[in-house]
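In: Structure of the sequence below:
(chains A, B and C)
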Amino acid sequence: MKLGVCYYPEHWPQERWLQDAELMRQAGLSLVRIAEFAWVVMEPREGQFTWDWLDQAIEVLAAEGLQVILGTPTASPPPWLCRSHPDILPVDAQGRRLRFGSRRHYCPNSRSYRQHTERIVTAMASRYGNHPAVVGWQIDNEFGCHGTARCYCETCARVFRLWLEAKYETINDLNEAWGTVFWSQTYGDWNEIDPPNLTIAEPNPSHVLDYYRFSSDTYVTYQQLQLSTLESLISERQFVTTNFMSQFTDLDYHDLAKPLDFVTMSSYPTGHAESRHSLYMPQSVRPVYAYDVGDPYITGFGHTLMRGYKPNRPFWVMEQQCGNVNWSMYNTGVRPGTVRLWTWHALASGAEAVLYFRWRAGLYAQEQFHSGLLRHDASLAVGYVDLEAMKADRPLMSEISSTPYEAQIAFLLDYDALWATQLQPHHRDFDYIRCLFVYYRALQRLGLPVDILSEDADLSPYKILIVPTAFLTTEQLAASLKAFAEAGGTVLLGVRSGFKTSNNQFTDHPLPGLFRDLVGITVSDWHSLPPGVSYDLNSSIPGLVGPATIWAEALNPADSQSGDPDLQMLANYSSGPFSSHAALTQYKVGAGLALYLGWYPNSPQAEALLAHLATHAGVLPLADLPDGLIASRRGHHLILLNFTEEPLTATVQGRTVLIGPRDVEVVKTQGS
Amino acid sequence: MKLGVCYYPEHWPQERWLQDAELMRQAGLSLVRIAEFAWVVMEPREGQFTWDWLDQAIEVLAAEGLQVILGTPTASPPPWLCRSHPDILPVDAQGRRLRFGSRRHYCPNSRSYRQHTERIVTAMASRYGNHPAVVGWQIDNEFGCHGTARCYCETCARVFRLWLEAKYETINDLNEAWGTVFWSQTYGDWNEIDPPNLTIAEPNPSHVLDYYRFSSDTYVTYQQLQLSTLESLISERQFVTTNFMSQFTDLDYHDLAKPLDFVTMSSYPTGHAESRHSLYMPQSVRPVYAYDVGDPYITGFGHTLMRGYKPNRPFWVMEQQCGNVNWSMYNTGVRPGTVRLWTWHALASGAEAVLYFRWRAGLYAQEQFHSGLLRHDASLAVGYVDLEAMKADRPLMSEISSTPYEAQIAFLLDYDALWATQLQPHHRDFDYIRCLFVYYRALQRLGLPVDILSEDADLSPYKILIVPTAFLTTEQLAASLKAFAEAGGTVLLGVRSGFKTSNNQFTDHPLPGLFRDLVGITVSDWHSLPPGVSYDLNSSIPGLVGPATIWAEALNPADSQSGDPDLQMLANYSSGPFSSHAALTQYKVGAGLALYLGWYPNSPQAEALLAHLATHAGVLPLADLPDGLIASRRGHHLILLNFTEEPLTATVQGRTVLIGPRDVEVVKTQGS
Amino acid sequence: MKLGVCYYPEHWPQERWLQDAELMRQAGLSLVRIAEFAWVVMEPREGQFTWDWLDQAIEVLAAEGLQVILGTPTASPPPWLCRSHPDILPVDAQGRRLRFGSRRHYCPNSRSYRQHTERIVTAMASRYGNHPAVVGWQIDNEFGCHGTARCYCETCARVFRLWLEAKYETINDLNEAWGTVFWSQTYGDWNEIDPPNLTIAEPNPSHVLDYYRFSSDTYVTYQQLQLSTLESLISERQFVTTNFMSQFTDLDYHDLAKPLDFVTMSSYPTGHAESRHSLYMPQSVRPVYAYDVGDPYITGFGHTLMRGYKPNRPFWVMEQQCGNVNWSMYNTGVRPGTVRLWTWHALASGAEAVLYFRWRAGLYAQEQFHSGLLRHDASLAVGYVDLEAMKADRPLMSEISSTPYEAQIAFLLDYDALWATQLQPHHRDFDYIRCLFVYYRALQRLGLPVDILSEDADLSPYKILIVPTAFLTTEQLAASLKAFAEAGGTVLLGVRSGFKTSNNQFTDHPLPGLFRDLVGITVSDWHSLPPGVSYDLNSSIPGLVGPATIWAEALNPADSQSGDPDLQMLANYSSGPFSSHAALTQYKVGAGLALYLGWYPNSPQAEALLAHLATHAGVLPLADLPDGLIASRRGHHLILLNFTEEPLTATVQGRTVLIGPRDVEVVKTQGS
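Out: Numbering: from 1, shown residues only, chains lettered A, B, ... in the order given. As a prediction, this is how the structure comes out:
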């Protein structure tokens, strides 16, 4: 377990650097990320490079034994570049050309910007690609942040048309794929197609989904431009990555992760404390934790997402909150012990390294009110004090960090399905990510480790596979789920699965479309349920009770001959128009099982169902846990994290373990 | 009573058409609307027409005995047209040129668009204007939908100036009419006048009212362009209409209805279930009906509006919801029996034909999640099943449909007054349409039929005339109300009447301005009442109690000699600064009565007052009704519709009638 | 005490003027403001002036003994001017060029507009600068109203660059001042700098603060253009002023006030009744007054602000509400007695003259629903009736008006600090003006007069100086506070003081930065507290209890040797992470005291603390007052104003005084 920090030497007098480096070393840090916003310092005028300061900064850090990660500075094109090439500036969905003055002010399709990107990356890589103190590279910074994932400029319109032509080949194929005959949208020529903004009513959802895919691909291509440039110039010893944001969904992180050496993330547990609660069901009671630690289930959800983007490599936390943030509604102050808890949490979730953001609180510009490990006046802040307290933990941390995170349950996360439900939620509260999170949190509460994967991932290590809503379907996905079940696995297919083709059209097969064969049932009808309306449920599974809300589907045997011995009705509706129908079914498929869940489950329902499935699949919980206590296993170590203000106890393999308020206990366990 | 359906043959393989047509016939349908969004299918490239598919589709439908209504496809100009003539695209109030990609993307004043409109309508009418299977035409589709009633482009600015010049003749007359001397707005030249958008503070309300009138006139003119083209080419046997939206108020439907053969509407009872409750008073308890039927009082209000736009012709429901919709917040699923109830409701309200929207749920583009009579996979949906259940009702329906809807009470609806109150509500909750609806619902609850008319309508069949707020006044309106009263009628003039001239200026006469003579009182003062503030009321009319909220006016005898025997104080304020003043007065006018109501009534007050007026005018209620039970009479048939989940009873001419949950009873009554 | 009225002779037929003037005189009015929106009437076409009507209007008014104030009409450039010079129209922060059609549609940096401004002001001043009936001039009208304080057009961009160049001299100094090295913002050339709008993330707060300062300076310069023009042409006998808006904070009124003869204000107590409650703490119980008088503490706060902008001259109320307004959510009707109460309140707060807005309710355009002293039909409205009732008060009013308003307590109001907290509140509810108001209201409740001053003001008359948050600091401010304390005064420095430099950078000194020396403590940590989180307080000061919310700072002795006898801990935290720290300290400085308050106080806390401070500084309250009763002293007169519907009693120098509902009592007191 390596610890590190994000540092901005260009923000501080050179005389201070040595003292900073010493303090870093003394705190047990070994990694430093620098330079990711320093373009104008490296190149104050086009073609005039000033490397001395950066040479010197690396020197000073290296002298204290610190390893350097260099960021390419493309998240912040300098003023001279935006003035000489105004086409670099992006256009928002409102049609407004945005301005220089903050960051991420570029269109990734701008030809000028791609040229200048190549130029600056080449210059940096040429100079530091073999520097012994430089261990790796971060490309750009938080692609898509501040709503920049989708640009609507003329360049993007032009490139989008080329992207469409490459995808569909003939305009007729595009017309068929989008169903443009509706509302007279049939295109006669590629040039008639615009980005789907500023339309009068909502635009065609197939058109928009393709624009989302195109925009995501644009960033993959833009990242590749940097990656190729770097790889041609840097040492094999140096890694290349970029930093993702937890729960950001505008870009397909599976695609972005693919060519990288490993994935890193930004983790700010209180950074969106107010808004992230949209992950909970409407009207549900919000859990209360120690107010300054954030919601640990949401933090862990972020970790888990990262772990899954690159299943074979541990992830890094490239930016770990270490005090208050500055961009949220309240920017809650952070108390002693919190930073240690967050660090342990990252480790418990599978992180290999954690870098704190940032070294010292900045004196100027946009992030002045963001904490660092040092305060503005260079005194030691709460995070630094926690680092000192963590020194005793470090040997155990290192031991744990070398062991893998293992899970027997997996989710599938599909960006196409996610975007398609965003475009047509049909019910205001039908949210793809929340649906995933409800299951995720249920598993965490039950002490059951889980991975979140793309459908391309190797599913063989898993016993249970959960697809909360396979809204868009392909033959390939249907086949792969079937194979998983046939091999003995348990597949849980959630509500609204199989409704759509990959072109975002409605299937004309009986629902759930391509999955009918897998689950052995037909969805004969479906209802969106407004607030206040629910259908009662009845089930033999203990605890699987209460109302179906938001969405309900009526399930029937696919063969209409209801006596099929392979098909079992696990729950049915006991009130409302679907009361003669099943709500949850289980179908025997080869050596395994395929379940179809016909409503949008709430948390207790998700817990009851998953407890049942885990028991039947022989997946054992890590511990018996109260709310607010998170358990995670790495190798033989069971890590127990208490995020509340009260002491809590867990039962681990028959043993009672007491964990103090906002404290950590690590228990050696048998088996793995 | 004819039933029909909206069909999109261009969305389905030709091989399927025959089967669809057979299923339509089997369900008892006889009307099919087609082609209203099919421009690009009829004319894929400028001047290249492809009629084969449409010839064929009409053929297949006709072969099953179905009658066809053709829509002109101008609600969706094709991509090639928007590219070659970008001036077609409208500009919104934010000054943004909007884009192709959905529908209604045209400026009705665009010269290019008017030319191309004439071209395509000519082409269609030439081909099908004498086709035996084509019974009529729908012009365009839902004018003004998606906020398109008012365009702010340069063309509109130019045409607006011409419209103003035609109206005012001299710039000086315009300056006087708008009161432009205020804030130095006096224009020296027509060219100095802009559309009233993007101003810093609110624009001049006379300027805006004229822009609203101009925009409405623009659509009247645009409709006339199509109407004239059609009339010159089609058979006399074919009707021409367009389809209105219930409760849409951006265009003057009285004007649009005038040249049409009859009026048709779109009726989506659950389509705006969340937002339409703005029709209820703030803080009032929302009534609860069967959750999937919508609010029947609001649905009936829509029907009643339509009936009044063309008083001498029954209206059609050109689009009747027949399952869930796709554009609202929750898009509630619809249960068996609901479509039958809606169909009966339309008939009860005076509809002559009902066409369901749409035949089969669409597989692609924007409305995929909208139900049809068939599901996506062509299986029979809830609406189709209801149609089959309705077969037993059809003889009775047909009998009823030939009889007229009769009412003895009428409202006046004036778009100028409506728009003027929108522009200057003065109290956030002063809403013209809600004020109308409060009275409407009171009458429905009392079992009293009512019509909603323009002031040009023939008022002689009515005994009671209600003008909820005659905010803008003309000499002509004052005279016509007076004549109505003198002839023995009862006129109820509501709060804020007579405040304004037709130029949207404040009257400089004592209030209620031109109506003083009619009602015999002066409004000596008026107060807008914030939430939490109300003035108590006292009245001899049973039930007319409780607080005056939102707005209160102090009424005094116009002659100041309070002993006028023709003037009666029916209610007075018993608290607050107006406590020495009347709140409701009644004045003897010839053989009739003129009442002035000085506050914004709530529902119980409206019920108490209207019950009193009906009794005194000899207007008898159809039945004694509980909430959720709607009664309507057509000829000798009293139709009772139960929109709740409980059995309800009504008392009809002394007889108790039981109506099952979401069911219909038709009772033969004496008299008519 | 002079009374007057705002009059628009151009709105009424000339035949009516004489009658209006007589009615004004009869009501006891002696001042009339005219012409401030009459540009197009004075100059209907460029260069064609029509003065006859204005000559005549002044003549008629003068004949009745009325004195005239002329407004320069630049708040409403006429249509012909906007058409010939479209660069006059401003651009908003969204980048939209706004349109003619309301008012304030000009960019004050537009060269064309400055030329035309000079031209029209010259013309008016030449004609009326020596007119015996004209006593003074109002420049423009409510600068910055309707969000126009900041324009984002190209002209402004250009002038902003010049302003920056004049301020910083070298681009490098600007880069240092703004900290542009952050996010690669370093400018190489002045021309690279834009206004800080349309950025992707938030712009640099130093950049924005300079734009706010620049925009304010722009209006100072624009006002100076008019002032210089006037001064060169008018008689010395005529005053020059402009009218400010209470609680408007987008322009620095200290700067605007400086060159004026005195300050005038618009006072609309119910004009923002709904939104002004943002001055109260979130979740606090809203006080209830007579519903139509507004919140008297907020009204008085407006008066007090005005008094402080020009400390040596009494202010005028140039626009006093005299009935309902027309622009708020409810526009509450106003009852008899209210206008008298408002007039007395202005006088009590130090006003020398009060002009009612407006004479007669307008018949057309935007403000038709705004009351006047006469109604639309010229009958006497509630305000006129109050004026008649006030006749008996007038001798006493005049006697009082000649005596000064005196206070021994002062606040400092700093626009830079205010804007900087707006830009980085860090906690949604951290509001500079509310923080000031909480203290202000506490003093009013305690019967303690207070002034609100700029830091340049003469502080010698005061015993207590309160700086709610000296967020931005200069050496000069630190020195002036120290001098005040050393001379025997008591300084109360509030939360978040000394955090920032005048460039809006964070200090790198220990907090409170430059004030450490003054208050003798260090802020060792600070926490933003989300809703639901608070730290308990403990204090020896009676009543200073309850939780610290919103913001808390941990205070420690600056010398770390805690035994400093000059430093006293007046309150400390008794729970939470700061529980070993002080929350309020008092430091002996020369002959006086300097206190530092480490949290954002609520109303009861502010009252407890200020009562304690006043007692110790020997500042005596005017009276013992219940809520809703406002006391003010001018000379020997104590004015008691009851803003509730109940009779209230005050204890004044041992005597009980009864004040009727919405009534006034004036008590002669001893001492001054």
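
In: Going by C-alpha atoms from here, please, whenever you check contacts or count neighbours.
Out: Noted.

In: any weak-confidence spans in chain A?
Out: For chain A, the stretches with pLDDT under 70 are A:273-277, A:285-288, A:560-562, A:671-672.

In: just checking, what's the longest helix in it?
Out: Secondary structure of chain A per DSSP state H: the longest helix is helix A:205-231.

In: Tell me how far that helix lies from the chain's centre.
Out: Using CA atoms, centre = their mean, to the nearest Å, the mean C-alpha position of helix A:205-231 is found 17 Å from that of the whole chain.

In: contacting residues around the helix or strand just after it?
Out: Counting by DSSP states H and E, the element after helix A:205-231 in chain order, helix or strand, is strand A:239-241. Contacting residues not belonging to strand A:239-241 are listed as A:135-139, A:227, A:260-264 [CA atoms under 8 Å, 6 or more residues apart in numbering or on different chains].

In: ok, 7 Å please
Out: Contact partners of strand A:239-241, identified using CA atoms under 7 Å, 6 or more residues apart in numbering or on different chains, comprise A:135-139, A:260-264.

In: How about stretch A:337-351?
Out: Residues outside stretch A:337-351 that contact it (CA under 7 Å, 6+ apart) are A:293, A:300, A:303-304, A:307, A:314-317, A:322, A:383, A:386-387, A:390, A:401, A:405, A:632-634, A:639, A:662-663.

In: mind running it again at 8 Å?
Out: Residues from elsewhere that reach stretch A:337-351, judged by CA under 8 Å, 6+ apart: A:1, A:292-293, A:300, A:303-304, A:307, A:314-317, A:321-323, A:353-354, A:383, A:386-387, A:389-390, A:397, A:400-401, A:404-405, A:632-634, A:639, A:641, A:643, A:662-664.

In: JSON lines for the contacts of strand A:239-241, including secondary structure and distance to chain C?
Out: As requested, the contacts of strand A:239-241 are exported to JSON lines (DSSP: H, G, I helix; E, B strand; the rest coil; distance: CA to the nearest CA, whole Å):
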{"residue": "A:Val135", "secondary structure": "strand", "distance to chain C": "23"}
{"residue": "A:Gly136", "secondary structure": "strand", "distance to chain C": "21"}
{"residue": "A:Trp137", "secondary structure": "strand", "distance to chain C": "18"}
{"residue": "A:Gln138", "secondary structure": "strand", "distance to chain C": "16"}
{"residue": "A:Ile139", "secondary structure": "coil", "distance to chain C": "15"}
{"residue": "A:Leu260", "secondary structure": "coil", "distance to chain C": "25"}
{"residue": "A:Asp261", "secondary structure": "coil", "distance to chain C": "26"}
{"residue": "A:Phe262", "secondary structure": "coil", "distance to chain C": "25"}
{"residue": "A:Val263", "secondary structure": "coil", "distance to chain C": "23"}
{"residue": "A:Thr264", "secondary structure": "strand", "distance to chain C": "21"}
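
In: How about residues contacting the longest strand along chain A?
Out: If each strand of chain A is counted by residues according to DSSP state E, the longest one is strand A:547-557. For strand A:547-557, contacts defined as CA under 8 Å, 6+ apart pick out A:427, A:429-430, A:495, A:520-531, A:533-537, A:564, A:567, A:578, A:581-585, A:598-601.

In: Kindly recompute the last result at 6 Å.
Out: In this structure, residues lying in contact with strand A:547-557 by CA atoms under 6 Å, 6 or more residues apart in numbering or on different chains are A:521-529, A:534-537, A:578, A:581-583, A:598-600.

In: So which bits of the stretch 201-350 of chain A are right by chain C?
Out: Counting by CA under 6 Å from any CA of the partner chain, the stretch 201-350 of chain A comes close to chain C at A:329-330, A:332-333.

In: tell me the two of those that are most distant?
Out: A:Met329 and A:Gly333 (12.2 Å; CA to CA).

In: Nearest to C:Val91 among the residues of the stretch 201-350 of chain A next to chain C?
Out: Within those, proximity to C:Val91 (CA to CA) peaks at A:Met329, which comes in at 29.3 Å.

In: list the contacts for that closest one?
Out: Residues in contact with A:Met329, defined by CA under 6 Å, 6+ apart, are C:427-428.

In: what's downstream of the longest strand of chain A, the next helix or strand?
Out: Following the chain from strand A:547-557 toward its C-terminal end, the next helix or strand by DSSP H and E is strand A:567-573.

In: who touches the helix or strand that that next one is followed by?
Out: Per DSSP H and E, the first helix or strand lying C-terminal to strand A:567-573 is strand A:582-589. The set of residues external to strand A:582-589 that reach it, using CA under 6 Å, 6+ apart, is A:485-486, A:519, A:555, A:566-572, A:593-598.

In: Going by neighbour count, which residues in strand A:582-589 are buried?
Out: Residues of strand A:582-589 classed as buried by neighbour count (16 or more other CA atoms under 10 Å in any protein chain shown): A:582-589.

In: nearest spatial neighbour of the residue in the stretch 351-500 of chain A that chain B sits nearest to, skipping sequence neighbours?
Out: Distances from the stretch 351-500 of chain A to chain B, computed as CA to the nearest CA, single out A:His427 as the nearest residue at 4.3 Å. Distances taken as CA to CA, 6 or more residues apart in numbering or on different chains place B:Tyr330 nearest to A:His427, at 4.3 Å, with adjacent residues excluded.

In: ok, and does stretch A:513-528 reach over to chain B?
Out: Yes: for stretch A:513-528 and chain B, the contact criterion (CA under 6 Å from any CA) is met by A:527-528.

In: ends of that stretch, how far apart?
Out: 19 Å (CA to CA, to the nearest Å).

In: Would you pull up how far that stretch lies from the middle of the chain?
Out: Using CA atoms, centre = their mean, the mean C-alpha position of stretch A:513-528 is found 29 Å from that of the whole chain.

In: got it, and stretch A:4-17?
Out: Using CA atoms, centre = their mean, the offset of stretch A:4-17 from its chain centre is 30 Å.

In: go on, stretch A:328-348?
Out: The answer for stretch A:328-348 is 19 Å, by CA atoms, centre = their mean.
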